[in-house]
Each structure stands twice: as structure tokens, then as C-alpha cells.
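1. fold the following, please.
(2 chains)
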Amino acid sequence: GAGVSQTPSNKVTEKGKYVELRCDPISGHTALYWYRQSLGQGPEFLIYFQGTGAADDSGLPNDRFFAVRPEGSVSTLKIQRTERGDSAVYLCASSLSGLAHNEQFFGPGTRLTVL
Amino acid sequence: AQSVTQLGSHVSVSEGALVLLRCNYSSSVPPYLFWYVQYPNQGLQLLLKYTSAATLVKGINGFEAEFKKSETSFHLTKPSAHMSDAAEYFCAVSDRGTNAGKSTFGDGTTLTVKP
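-> Predicted coordinates for the structure are as follows:
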């Protein structure tokens, strides 16, 4: 079956612009996670959805970052007024449920470059 | 707060030699522990996980890890390295409690295998 997909694979934008990053989880997975991976570092948690609701958004760095999952499947991470420091690979993962021991299946990521 | 420390950002071994990648965690209660592998231009893939059953966990591709509570460690080993093992490896921890679903990752260890 299909894995987690993310679009676009690469996004180059200018400082101050708005961007949207999309994640298609594995069908039937109720939990969805967004992480950010900067060069030389491990993935950093941003937000976790259980169904349509954000169960934990404690990792969002500031109010320029927002994510939605309106139908409990596809999710969009939205970044307003982008800054150069937002440049990173944004990873999406899904799991069968939100239980901590469940395996998370990762997408290939979206590489965001803010000029 | 949980944290993960991976000692050694780069490890180089010869083909056929033992692989040892170190991971230490900090958590108030024994957490769930994971090792992921990331090949170039691919998403993270689960190698193995510890969920409080056997302390010695066997994973894919001949890898295994041992949970040692007294040392708060979860080191990854493989008896004989293959060229195809060259990749980046991440240790991660998830809380069994209220923050279920949220993983904290180490900064990764890049494994190089020399012929």
C-alpha cells in the first residue's frame, strides 16, 4: 500500500511569504505528526493530531505556524511571514493510533528554503 | 522533560566489523524507545522498538538493542556491518504518560562503512 506522501518535495520562497505544506497519511491511520529537521539535528516535534483535533501543539515555535486536519486525513502545515530561520526539512508521520508505542511511518519530507 | 543523547555524531567501521551506536535517555519513568534509520533522500524507517517486554530487542537487517534501565541506555548493535548499512541512525523516546504520541529524537549518528 501507499506510504506517507508529502508535497511539494522542495519549496523555495522569499522571506515574508506564506507557505503551505501538505501531508497525506497512510489510509486508516488516525494519528498524524509534524516534525521539523534542521541540518545536523534530529527531528523536532511540532504538532500531533488525533483525528481532526490537535492533541498536542506544544512544539509549534510561534503563532506564525499553524496546522489543520479538517477531515481527519490530509493535513496542511501553514507558515505565515516566513523567516530564514524556518528553512528546514518538514517531516510528516502517521501511526495507526496515538498510542506512544505505535510505530510512526514517516514521509520523505518537504525541504523548505527561505531566501 | 525527556531527552535523548546520541554519543558520536559520526561512526566509521570496516565491512564485517561490529557496529555500536550509543543512545542514552533521560526520563522520569521508563519510556518507550525506538531506533530509526534514514537512508539518503528517504524517510525515516523504524529499525526496532522497546515497549517493556524483553530488554533485548531484535529489529530488521540484523540490528538489535538492549534496554538497560540502570544505565538509562539503549545502544544499537549489529555483529557484522554491511556496506548497505551506511545511513543516519536516530534514537527516539516516547513518554508512556500524558504526552503519548510525541517522540523526542536524538541528533543522529552517521554510520560510514568502509570496504
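
2. every contact and neighbour count from this point should use C-alpha atoms.
-> Noted.

3. how about the residues of chain B by chain A?
-> Applying C-alpha under 8 Å from any C-alpha of the partner chain, we find that chain B lies next to chain A at B:32, B:41-46, B:51, B:90, B:94-96, B:99-108.

4. keep only those of these that are in helices.
-> Among these, none falls in helices (DSSP state H).

5. and residue A:8, how many neighbours?
-> 14 (other C-alpha atoms under 10 Å in any protein chain shown).

6. how much space separates it from chain B?
-> Distance from residue A:8 to chain B, counting by C-alpha to the nearest C-alpha, to the nearest Å: 14 Å.

7. now do the buried residues in the least confident helix or strand in chain A by mean pLDDT.
-> Lowest on mean pLDDT, DSSP states H and E among the helices and strands of chain A sits strand A:53-56, with a mean of 90. Buried residues in strand A:53-56, defined by neighbour count with 16 or more other C-alpha atoms under 10 Å in any protein chain shown: A:54-56.

8. does residue B:70 count as helix, strand or coil?
-> The local conformation at residue B:70, judged by DSSP: H, G, I helix; E, B strand; the rest coil, is helix.

9. what residue is smack in the middle of chain B?
-> residue B:35 (3.4 Å; C-alpha atoms, centre = their mean).

10. helices or strands up against the helix or strand bottoming out on mean pLDDT in chain B?
-> Least confident helix or strand, chain B: strand B:103-105 with a mean of 91, by mean pLDDT, DSSP H and E. If you count contacts as 3 or more C-alpha pairs under 8 Å, 6 or more residues apart in numbering or on different chains; DSSP states H and E, strand B:103-105 packs onto strand A:44-50, strand B:3-5, strand B:87-94.

11. residue A:70: which of the buried residues of strand A:53-56 is nearest?
-> residue A:54 (10.4 Å; C-alpha to C-alpha).

12. tell me the contacts of that closest one?
-> Residues in contact with residue A:54 (C-alpha atoms under 8 Å, 6 or more residues apart in numbering or on different chains) are A:47-48, A:68.

13. number of residues surrounding residue A:81?
-> Neighbours of residue A:81 under the rule other C-alpha under 10 Å: 13.

14. span of stretch B:51-69 from start to end?
-> One end of stretch B:51-69 sits 13 Å from the other (C-alpha to C-alpha, to the nearest Å).

15. buried ones in it?
-> B:51, B:57-58, B:63-67.

16. also stretch B:9-21?
-> Across stretch B:9-21, burial judged by 16+ other C-alpha under 10 Å covers B:9, B:11, B:13, B:15, B:19-21.

17. and it, what's its mean pLDDT?
-> Averaging pLDDT along stretch B:9-21 yields 97.

18. stretch B:30-42 now?
-> The average pLDDT within stretch B:30-42 is 89.

19. give me the contacts around stretch B:42-51.
-> A:101, A:103-109, B:31-38, B:57-61, B:63-65, B:67.

20. span of that stretch from start to end?
-> 26 Å.

21. ok, stretch B:48-58 next?
-> End residues of stretch B:48-58 are separated by 7 Å (C-alpha to C-alpha).

22. how about stretch B:72-88?
-> Terminal residues of stretch B:72-88 lie 22 Å apart, using C-alpha to C-alpha.

23. can you check stretch A:6-17 too?
-> End-to-end distance of stretch A:6-17 (C-alpha to C-alpha): 20 Å.

24. gap between that stretch and the chain center?
-> Its chain's C-alpha centre and that of stretch A:6-17 lie 13 Å apart, by C-alpha atoms, centre = their mean, to the nearest Å.

25. tell me the buried residues in it?
-> Going by neighbour count (16+ other C-alpha under 10 Å), the buried part of stretch A:6-17 is A:6-7, A:11, A:13, A:15.
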